[in-house]
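Asks: Got a predicted structure plus its sequence, pasted below:
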Amino acid sequence: MAQRPRFVVQRHRATGDHYDLRFEADGVLLSWAVPKGPTLDPTRRRTAFHVGDHPLEYLLFEGVIPRGSYGAGDVVVWDTGTWAPHGTDDPRAAVAAGELHADVFGEKLRGRFALVRRGEPGDREQWLLVHKRDEFAVEGWEPGDHPRSVLTGRTNDEVLAEHDRVWRSDLPADQADVRLRPTADEVEAALGALADLGAQGTWEVFGRGLKVTNLDKELFPGRDGEAPVTKRELLGYTAAIAPTAVRYLAGRPLNMRRYPNGSQTKGFWHKERPGHAPPWVGSWDNPEADEGETRTYAVLDEPAALVWAAQFGALEWHAWTSRTDQPHRPTYALVDLDPGTDTSWEDLLVLARLHRDAFAHLDVAAFPKVTGSRGIQVWVPIARGPTFDDTRAWVERLSRTVGAVVPEMVSWKWEVRSRGGRARLDYTQNAINKTLVAPYSPRASAGAPVSAPITWDELDDPELRPDGFTIRTVLERVAQRGDLFAPVLAVEQTLPPLA
């Protein structure tokens with residue numbers, strides 16, 4: 001006996017909340033958007049809009065469609081099962097004729113539904129969806145009373161906060177469902193495959209085939225008698241940290257500082273340059289770029305894309321603080337504690353602690369990290385709305401208030417941006433296309449230090465150093481303490497007015 005075709009209902013929060021009803025037929029998913037969702041109540045009629053067929057690969061997708069993509073939003077598999085057309089053996093012809101009757105066998109939805117077109121065929125046709133009066137009919141039954149996914153038991157809010165899959169509509173359907181969080185076994189498999197390669201070859205990493213070269217090249221000297229850091233070691237670190245680090249890069253243009261031989265190559269990647277990205281690495285064209293400026297940026301939406309960046313020599317990852325869909329609306333305000341040549345580490349810690357106290361007084365959630373070089377940075381997550389002018393002005397006022405407590409430590413000569421003298425509280429980084437190095441990014445110096453998140457309490461640890469964590473030590477720290485920066489992704493707050 002032939003297996004029945006499948007159906008799915010996905011609760012989809014995009015421009016407007018709705019439910020997507022999809023029936024498998026002829027190798028695709030016949031699809032309708034139902035704003036109020038299907039119901040078992042035969043007394044309630046639902047408006048449905050016929051939309052384009054979707055690929056079968058989308059059938060059980062649960063995750064997030066990135067901002068800037070068609071249908072951007074969060075998706076859960078609200079119901080799924082099998083179905084059978086009633087009164088026809090050609091459901092596509094029935095849809096073309098304007099009426100489809102379907103017997104569904106799901107976990108939430110059961111019984112016979114009818115879809116009837118209202119008006120003439122055309123784009124975004126309006127249809128009527130009703131449940132027949134049968135043994136499965138339940139008056140008063142509403143989909144909103146049953147919000148959880150039948151696959152994972154999660155709500156849309158929970159999927160949005162901790163999603164592990166994205167749908168890349170710019171990729172072919174068989175590559176579009178991208179897992180952001182490979183399992184521990186998948187990471188181990190990727191690292192094992194890298195160890196088995198010679199000096200070069202094709203590395204199968206997180207479902208992608210990546211050509212890697214010069215794996216035994218020494219990129220940086222070691223520290224304290226340790227062996228030099230090789231390209232193979234850098235790629236292994238990147239693969240291990242990528243499922244965590246990519247969350248701070250996804251959906252954002254990336255200013256990639258390249259160090260293919262351990263020293264920086266001026267300029268950033270764009271499509272026309274040699275060594276351009278494979279098609280599964282995202283990109284974004286800045287419509288406001290002036291002549292001579294970088295126009296096309298890499299956008300790293302999946303772990304394998306971050307590994308590609310490391311293979312390409314991008315050892316420092318500098319993502320914008322805004323996303324591609326709203327490039328003038330930042331999602332963070334940034335505090336950059338930038339030491340001058342006369343600034344001791346103890347002085348910088350004093351400035352950081354003063355900021356800690358200021359944020360606590362304001363009841364603002366802010367998250368510090370060491371840079372992996374000489375400084376300390378603080379990221380303040382915000383709900384999108386303020387412009388860069390707004391965040392820059394807010395951080396300037398905060399930093400000037402803090403700096404007034406210890407004026408002998410602080411320089412305000414922003415125009416010349418001198419590296420000498422006293423520390424700079426650099427609020428000017430709050431601007432479009434200005435960046436601070438991303439969490440867990442390696443830095444191009446001896447031992448490959450890492451920009452590592454810290455807790456505020458660690459500012460009082462006498463062992464803390466701005467470059468104290470390296471690609472050889474930070475993974476154990478993350479394994480033991482988790483991702484200390486994770487709240488940056490979940491907190492959305494409004495900056496309070498400053499007197």
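Replies: Perfect, I can see it now.
Asks: Which positions in the longest helix belonging to the chain come out as buried?
Replies: For the chain, the longest helix by residue count, based on DSSP state H, is helix 345-362. Going by neighbour count (16 or more other Cβ atoms under 10 Å), the buried part of helix 345-362 is 347, 348, 349, 351, 352, 354, 355, 356, 358, 359. To be clear about C-beta, it is placed using only N, CA and C from the backbone, and glycine gets the same treatment.
Asks: now, which of these sits nearest residue 220?
Replies: For the buried residues of helix 345-362, the closest approach to residue 220 (Cβ to Cβ) belongs to residue 348, at 24.0 Å.
Asks: How far does stretch 292-306 sit from its chain's centre?
Replies: 13 Å (Cα atoms, centre = their mean, to the nearest Å).
Asks: Could you give me the buried positions within it?
Replies: Burial within stretch 292-306, assessed by neighbour count using 16+ other Cβ under 10 Å, is assigned to 295, 296, 297, 298, 299, 300, 301, 302, 303, 304, 305, 306.
Asks: check contacts around residue 321.
Replies: The contact partners of residue 321, by Cβ atoms under 8 Å, 6 or more residues apart in numbering, come to 252, 330, 331, 332, 334, 430, 434, 435, 436.
Asks: Tell me the secondary structure at residue 399.
Replies: Three-state assignment for residue 399 (DSSP: H, G, I helix; E, B strand; the rest coil): helix.
Asks: Spatially, what comes nearest to it if we skip its sequence neighbours?
Replies: Taking Cβ to Cβ, 6 or more residues apart in numbering, and ignoring the residues beside it in sequence, residue 399 has residue 425 as its nearest neighbour in space, at 3.7 Å.
Asks: what about the helices in the stretch 151-300 of the chain?
Replies: Here the stretch 151-300 of the chain has its helices, by DSSP state H, counting those that start in this stretch, at 156-161, 173-176, 184-196, 231-245.
Asks: The closest residue to residue 349 other than its chain neighbours: what's it in contact with?
Replies: Distances taken as Cβ to Cβ, 6+ apart put residue 459 closest to residue 349, at 5.7 Å, once the chain neighbours are dropped. For residue 459, the contact set (Cβ under 8 Å, 6+ apart) comprises 349, 352, 353, 356, 368.
Asks: make it 6 Å
Replies: By Cβ atoms under 6 Å, 6 or more residues apart in numbering, residue 459 lies in contact with 349, 352, 353.
Asks: which residues does the closest residue in space to residue 217 that isn't next to it in sequence contact?
Replies: Leaving aside its chain neighbours, residue 217 sits nearest to residue 231 (4.7 Å; criterion: Cβ to Cβ, 6+ apart). Contacts for residue 231 (Cβ under 6 Å, 6+ apart) come out as 214, 215, 217, 219.
Asks: okay, residue 421: pLDDT?
Replies: For residue 421, the model assigns a pLDDT of 69.
Asks: Kindly report the same for residue 214.
Replies: Per-residue pLDDT puts residue 214 at 93.
Asks: Verify the stated contact: residue 133 with residue 40.
Replies: No: taking contacts as Cβ atoms under 6 Å, residue 133 lies outside contact range of residue 40: 10.6 Å.
Asks: List the strands paired with the lengthiest strand in the chain, with their directions.
Replies: Counting residues, the longest strand in the chain under DSSP state E turns out to be strand 73-85. Note on strand 73-85: by DSSP bridges, its sheet partners are strand 6-13 (antiparallel), strand 63-65 (antiparallel), strand 99-106 (antiparallel).
Asks: now residue 135: how far from residue 111?
Replies: Counting by Cβ to Cβ, to the nearest Å, the separation of residue 135 from residue 111 is 7 Å.
Asks: Can you give the contact residues for stretch 99-119?
Replies: Contacts of stretch 99-119 (Cβ under 6 Å, 6+ apart): 7, 38, 79, 81-84, 86-87, 94, 98, 125-132, 134, 136, 146, 150.
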